[in-house]
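Enquirer: Sequence first, then the predicted structure, then my questions.
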Amino acid sequence: MNENQYHGAFQTQVPFMEQVRQWNVAYEEKNGRKRRYFCFTMGCQMNAHDSEKIVGMLEEMGYEATQAETDADFVIYNTCCIRENAEQKVYGKLGWLHHLKRTKPELIVALCGCMVQQETVLEKLHRSYRHVDIIFGTHNLYKLPELLDARIQSGSPVCDIWKEQGDIVEDLPSHREHPYKAAVNIMYGCNNFCSYCIVPYVRGRERSREMADILAEVEALVKDGVKEIMFLGQNVNSYGKTLSPQVSFAQLLRETNKIEGLERIRFMTSHPKDLSDELISAMAECEKVCHYLHLPVQSGSSRVLKEMNRRYTKEQYLALVDKIKAAIPDIFLSTDIIVGFPGETEEDFEETLDVVRKVGYSTAFTFLYSKRTGTPAAVMENQVEEAVAHERFDRLLDVLNPKIHEIHSGLVGKTLPVLAEEVSRQGEDMLSGRTEQNTLVHFPGDPSLIGQILPVKLTENKTFYFLGERVGNE
Ligand code: SAH
Ligand code: SF4
Ligand code: F3S
């Protein structure tokens, strides 16, 4: 391990990484195999990206991956708490791990991520799940080596949760899931406090990374073969507001667009209230920025949107969509929709259906409202009955899905550039990849083509994906 490889706060972790690595080397010499880790990730891309760093640190410390949890010496759950069922799943898993630990006393179990940032959860863990060895939160992920070392040295459980965010820690080792596409955090936290949402409480206040750090990271990724990057933030449109001097997200896109060798730029998520004309122009003018925009509407009812604290009306949202479509005619839009927010009436729900019909999304992530303790919506009157919410949810899909099919039908017969990403689940002689508009395509092809951007003719519209064939490959 080269100490000079790391900078800033992460340097404090280098001696701990070395210590754990030695411990793992000794194990390997004795047992003829490395210690194995199993990392399970829940939630959004932010968590997925955090897990790449967790895995990066574990591998740096001499662990190797296993896909079989029962074979692991170190199990880590990177948790999500956006909806209640995510939390239930974790408690279920912890119960099962308790049993596993009885047969494998050496097993180390770690829990991190958004769920453990909640005090009520921590209390419950301390009370009823004492077999969890290491707990850390979203603000101090970089301290994993130190906490793991402390657990190994002491043999006792270690818990370190920061209530407040510290400075952004740069330069963690990372193990990318895909060789050709990579996620890059541009900001952390959220200041919007939508009334249903737990994220601001578990991810802290909004703070942006310095543009120079982001650009340097993208350049390094491109040198390493990455063609497509995804800028991540809870609300990328307010990127740079906490920096001095201030910079805008549009400026970041324009600078990134200049990076030679980079082919595609994506980003998520955009909050409709902050989407500027400057950003629309940058999207239209920067040839590497994909013509795809995730623009969560949440509800079509202006009354509900006000209760949600989204700070736009149905009319403003639709006007924004029109403006974007006028500037970028071939853009595809996707969205998030919550059904059954407290007080949602049949009329409110009809407004949501109206937005779905008018916008014509290419993808939509639909959620049943889930009550999150500590958020303003949790104590609102008129929580919608479960049966009513379910019925609306089904009706929403009945409107959404034919509309998605219709939007995609415009692509049939077209030949579009597709980044071949992996061997397709449709068959071993097939590849899957995405168009610039984020449409999934399965097409016949050899694994040696993975990582290339290929012209693919979209032949069959299967609503949520396409079948296609390569053009000019004879
Ligand atoms: N920052 C992003 C979204 C992050 S959470 C944004 O503002 O768009 C991803 C999605 O989960 C949200 O868009 C919302 O649709 C959904 N969500 C958040 N809290 C929820 C809750 N309590 N119940 C149901 N869905 C929720
Ligand atoms: Fe949650 Fe709203 Fe922030 Fe998105 S913008 S993370 S929905 S509070
Ligand atoms: Fe993401 Fe879930 Fe946390 S959606 S930010 S992992 S609560």
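Expert: Ah, there it is. Ligands and ions are numbered 1, 2, ... in the order given.

Enquirer: mind saving the C-alpha coords of stretch 264-272 as PDB?
Expert: Provided in PDB are the C-alpha atoms of stretch 264-272 (Å, rounded to 0.1, in the frame of the first residue of the first chain):
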ATOM      1  CA  ARG A 264     -21.800  10.300 -22.400                       C
ATOM      2  CA  ILE A 265     -22.800  12.300 -19.400                       C
ATOM      3  CA  ARG A 266     -25.900  11.500 -17.400                       C
ATOM      4  CA  PHE A 267     -27.200  12.900 -14.100                       C
ATOM      5  CA  MET A 268     -29.800  12.400 -11.500                       C
ATOM      6  CA  THR A 269     -31.900  13.700  -9.800                       C
ATOM      7  CA  SER A 270     -33.300  17.000 -11.000                       C
ATOM      8  CA  HIS A 271     -35.800  18.800  -8.800                       C
ATOM      9  CA  PRO A 272     -38.300  20.600 -11.000                       C
END
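
Enquirer: Identify the residues contacting it?
Expert: 45, 181, 186, 192, 227-238, 249, 253, 256-257, 279, 286, 288-290, 292-297, 310, 312, 316-317, 320, 419, 436, 438 (Cβ atoms under 8 Å, 6 or more residues apart in numbering). Heads up, the C-betas are built off the backbone N, CA and C, glycines and all.

Enquirer: Of those, which are in range of ligand 3?
Expert: By Cβ under 6 Å from any ligand atom, no member of the contacts of stretch 264-272 lies near ligand 3.

Enquirer: so of the residues you listed, which ones are in strands?
Expert: 181, 228, 229, 230, 231, 232, 292, 293, 294, 419 (DSSP state E).

Enquirer: closest to residue 369 among those residues?
Expert: Set against residue 369, the nearest of those by Cβ to Cβ is residue 294 (19.8 Å).

Enquirer: give me every residue that touches the nearest residue to residue 415 once chain neighbours are set aside.
Expert: Once flanking residues are discounted, residue 415 sits nearest to residue 457: 4.6 Å by Cβ to Cβ, 6 or more residues apart in numbering. Residue 457 makes contact with 413, 414, 415, 468, 469, 470, 471 under the criterion Cβ under 8 Å, 6+ apart.

Enquirer: in what helix or strand does residue 457 lie?
Expert: strand 453-461 (DSSP states H and E).

Enquirer: so what's whichever residue of the stretch 301-450 of the chain sits closest to ligand 2 up against?
Expert: Taking Cβ to the nearest ligand atom, ligand 2 has its nearest neighbour within the stretch 301-450 of the chain at residue 310, 7.4 Å off. The contact partners of residue 310, by Cβ under 8 Å, 6+ apart, come to 194, 272, 273, 298, 299.

Enquirer: Okay, and which of the residues you listed map to strands?
Expert: Per DSSP E, those never map to strands.

Enquirer: can I get the residues you listed in a markdown table with pLDDT, neighbour count and distance to residue 330?
Expert: A markdown table is the format used below for those (pLDDT from 0 to 100; neighbours: other Cβ atoms under 10 Å; distance: Cβ to Cβ, whole Å):
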| residue | pLDDT | neighbour count | distance to residue 330 |
| --- | --- | --- | --- |
| 194 | 98 | 21 | 30 |
| 272 | 97 | 19 | 20 |
| 273 | 95 | 16 | 25 |
| 298 | 98 | 24 | 25 |
| 299 | 98 | 25 | 27 |
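
Enquirer: any chance of these in JSON lines, with distance to residue 328 too?
Expert: As requested, those are exported to JSON lines (distance: Cβ to Cβ, whole Å):
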{"residue": "194", "distance to residue 328": "26"}
{"residue": "272", "distance to residue 328": "16"}
{"residue": "273", "distance to residue 328": "20"}
{"residue": "298", "distance to residue 328": "23"}
{"residue": "299", "distance to residue 328": "25"}
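
Enquirer: Identify the farthest-apart pair in those residues.
Expert: Those two in the contacts of residue 310 that are separated most widely, counting by Cβ to Cβ, are 273 and 299, at 13.9 Å.

Enquirer: Output the below-cut-off pLDDT ranges for this protein.
Expert: 1-5, 473-474 (pLDDT under 70).

Enquirer: Please name the nearest non-neighbouring residue to the residue in it positioned nearest to ligand 3.
Expert: Relative to ligand 3, the nearest point of the chain is residue 43 (2.6 Å; Cβ to the nearest ligand atom). Nearest residue to residue 43, sequence neighbours excluded (Cβ to Cβ, 6+ apart): residue 80, at 2.7 Å.

Enquirer: now the residue nearest the centre of the chain: how far from residue 266?
Expert: Residue closest to the average C-alpha location in the chain (Cα atoms, centre = their mean): residue 45, at 0.9 Å. Distance of residue 45 to residue 266, given as Cβ to Cβ, to the nearest Å: 10 Å.

Enquirer: shared neighbours, those two?
Expert: residue 230.

Enquirer: ok, back up a step: in PyMOL, how would I select the buried members of the contacts of residue 457?
Expert: Of the contacts of residue 457, the buried ones can be selected in PyMOL as follows, counting by 16 or more other Cβ atoms under 10 Å:
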select buried, resi 415+468+470
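
Enquirer: Strands along the stretch 1-150 of the chain, start to end?
Expert: Using DSSP state E, counting those that start in this stretch, the strands of the stretch 1-150 of the chain run over residues 36-41, 64-65, 74-79, 108-113, 134-136.

Enquirer: Give me the contact list for the last one.
Expert: Pointing back at strand 134-136 there. Contacts with strand 134-136, where a contact means Cβ under 8 Å, 6+ apart, come from 108-112, 116, 122, 125, 143-144, 147-148, 151, 157-161.

Enquirer: So what are the sheet partners of the strand holding residue 457 and their directions?
Expert: According to DSSP bridges, strand 453-461 forms sheet pairs with strand 415-423 (antiparallel), strand 466-470 (antiparallel).

Enquirer: So which of those is nearest ligand 1?
Expert: Short answer: strand 415-423, nearest of the strands paired with strand 453-461 by Cβ to the nearest ligand atom, at 23.0 Å.

Enquirer: Tell me where the stretch 301-450 of the chain has strands.
Expert: Under DSSP E, counting those that start in this stretch, the stretch 301-450 of the chain gives strands at 332-339, 363-368, 415-423, 430-435, 440-444.

Enquirer: If we go by neighbour counts, what in the last one is buried?
Expert: Within strand 440-444, the residues that qualify as buried by neighbour count (16+ other Cβ under 10 Å) are 440, 441, 442, 443, 444.

Enquirer: Dump those residues to CSV, plus distance to residue 407.
Expert: Converted to CSV, the buried residues of strand 440-444 look like this (distance: Cβ to Cβ, whole Å):
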residue, distance to residue 407
440, 14
441, 15
442, 19
443, 20
444, 25
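
Enquirer: Close to ligand 2: what parts of the chain are there?
Expert: Contact residues, the chain versus ligand 2 (Cβ under 6 Å from any ligand atom): 190, 192, 193, 194, 197, 199, 200, 234, 235, 271.

Enquirer: Correct me if wrong: the second one contacts residue 312.
Expert: No - in this structure, residue 192 sits apart from residue 312 without contact. The criterion is Cβ atoms under 8 Å, and the distance is 11.5 Å.

Enquirer: longest single helix anywhere in the protein?
Expert: In the chain, assigned by DSSP state H, the helix with the most residues is helix 386-409.

Enquirer: packing partners for it?
Expert: strand 332-339, helix 346-359, strand 363-368, strand 453-461 (3 or more Cβ pairs under 8 Å, 6 or more residues apart in numbering; DSSP states H and E).
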